[in-house]
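Asker: need coordinates for the below:
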Amino acid sequence: MQIMGARPVPQMYSQLQRRGIKLDLLSLAWELAQWGRLNGVSGLAAKAKELGIKFFLVSYTDLLGGTRAKLVPAAQIVPVEQDGAFFCSFASNLGLGPDAPEIAAVPDPDSLIPLPWEPTVGWVASDVYFEGKPFDAAPRMMLNRVLDRCAQMGYSYKAGVEAEFFLLKKTETGYAIADDKDTADKPCYDQINLMRQFGLISTLVEYMEQLGWEPYQCDHEDANGQFELNWAYSDAKTTGDRHIFFKYMVKTLAEKQGLIATFMPKPFSHITGNGGHVHGSLWQGDTNSFAAGADDGGLSPLGYHFLGGVLNHAKGLAALLAPTVNSYRRLGAGMTASGSTWAPRYISYGGNNRTHMIRIPDTGRFECRLVDGSTTLYLALAGLLAAGLEGIQQKADPGDRIDANLFTRAAEFPHLETLPGNLDEALRSLKQDSLLMNTLGELGANVFFEFKEQEWNTFCTQVTNWEIQQYINI
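Answerer: Have a look, this model is predicted:
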């Protein structure tokens, strides 16, 4: 099976044989990669030799955001790069049954990240194929399709993400903030609480610097035990890959210290939840199309049309950007100990104003604050881009920006629509959104709804402690 214009391995091997070269497997992989370089092809085997990589962690992401992988010796990476690493279809959340053939995860050499804590292992994101064809229900493949459409319109899409997470510990009664001293009502940017986690935070920053991610800020966030690390934006696919790897890296390093890192949207009812805010812009070559011709509000006419498209599809996007039952604990939260939830409730936009779904913090980009830590970023970016491109095509009007504090003055704007109040409402909105349904594809949409409706139905059957306390005496 040849999936992605695979290299003619038998032809290369025959040429090496005619040269009288007898090779072990790793050397063969290296020679094959060198042959590929001479013919305009650069592969993972060459990178293994160059970087001292002995194993590749060939990884793909399923529809629920789970990362699956096989560990492939570098000596065997040439056929894997050609045909993919094969996985039992039913073993991950892709909607295929135990009767289905395997899927093939074809590693993308451009995504290669050597594990900083184990540099002999290289992580690679993969595109997913089924029976020799792109598998539409895989999140990275969905993003690929929208990026292709974006390129056909003459643009590239760049994105950054603000990844928030909690550091927790397991106790006899459940989960608790890892740092017993981190108890302030308003802990955001707290210097002492930040520096008590200096070992882990500084290691993460050093690793991101080694990887060329250009990390530039890290802080203690608005909840006790909550942190955020920021790194430079990039093309959307690279940002999606890095976000997947970042979650893996944070969880791994926290575990090494006996801690638990979670990106769960709302692990505690009384404090702020985990956002995953996405910043985005469209480019033509080296020109930011959101900045070129921007007004005092920070966006060009094209940027406002893109923004209008996102607002038009906000209710359906919620199912992709806030995709869990728990997501709506964050969006619908009451007052927190710090005095603010920092999460949007209305389909609105403003300037540098964190009470809206969309914030324009600077010229040439905007931030979507609907996204939370449970999102599969490939899906979030695909949905945002699809909505924005339609907005450009239709010259969507986002309306006037609102500069008011919507956390306190929302009643003054009765025309504003609210975001979905729970996962079921978000799924029903998504089902009615033909653009986003087409973005998922028929198979992807069917599988996504199968999993998410099951999640909602399972949640609805649970009896909570609150219900027992509230109704036990009825």
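Asker: from now on I want contacts and neighbour counts done on CA atoms only, so please keep to that.
Answerer: Fine.
Asker: what about I468, how many neighbours?
Answerer: When counting by other C-alpha atoms under 10 Å, one arrives at 10 neighbours for I468.
Asker: partner strands of the lengthiest strand in the chain and their direction?
Answerer: In the chain, taking DSSP state E as the definition, the longest strand is strand 118-130. Partner strands and pairing direction for strand 118-130 (DSSP bridges) are strand 55-61 (parallel), strand 103-107 (antiparallel), strand 113-115 (antiparallel), strand 133-134 (antiparallel).
Asker: need these in JSON lines with mean neighbour count, can you?
Answerer: Below are the strands paired with strand 118-130 laid out as JSON lines (neighbours: other C-alpha atoms under 10 Å):
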{"stretch": "strand 55-61", "mean neighbour count": "24"}
{"stretch": "strand 103-107", "mean neighbour count": "26"}
{"stretch": "strand 113-115", "mean neighbour count": "20"}
{"stretch": "strand 133-134", "mean neighbour count": "15"}
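Asker: to D180, which of the ones you listed lies closest?
Answerer: Smallest distance to D180 across those (C-alpha to C-alpha): 30.9 Å, for strand 113-115.
Asker: contact partners of the closest one?
Answerer: Residues from elsewhere that reach strand 113-115 (C-alpha atoms under 8 Å, 6 or more residues apart in numbering): 53, 120-124, 211.
Asker: next: stretch 355-365.
Answerer: Here stretch 355-365 makes contact (C-alpha under 8 Å, 6+ apart) with 279-281, 288-292, 294, 297-300, 303, 342-353, 366-370, 405-407.
Asker: thinking again about what came up before, which one of the contacts of strand 113-115 has the most neighbours?
Answerer: When neighbours are taken as other C-alpha under 10 Å, the top entry among the contacts of strand 113-115 is G122 (26 neighbours).
Asker: for that one, name its beta-bridge partners.
Answerer: In beta-bridge terms (that is, DSSP bridges), G122 pairs with F56, P114.
Asker: what's near enough to touch it?
Answerer: Contacts for G122 (C-alpha under 8 Å, 6+ apart) come out as 53, 55-57, 112-115.
Asker: just put those residues in TSV and tack on pLDDT.
Answerer: Shown next, in TSV, are the contacts of G122 (pLDDT from 0 to 100):
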residue	pLDDT
I53	98
F55	98
F56	98
L57	98
L112	98
I113	98
P114	98
L115	98
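Asker: and of these, the nearest to V463?
Answerer: Nearest to V463, judged by C-alpha to C-alpha, of the contacts of G122 is L57 at 40.5 Å.
Asker: who touches the closest one in this structure?
Answerer: Applying C-alpha under 8 Å, 6+ apart, the residues near L57 are 69-72, 121-124.
Asker: can I get the strands paired with strand 118-130 in a markdown table including distance to L194?
Answerer: Output for those, formatted as a markdown table (distance: least, C-alpha to C-alpha, whole Å):
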| stretch | distance to L194 |
| --- | --- |
| strand 55-61 | 31 |
| strand 103-107 | 37 |
| strand 113-115 | 25 |
| strand 133-134 | 44 |
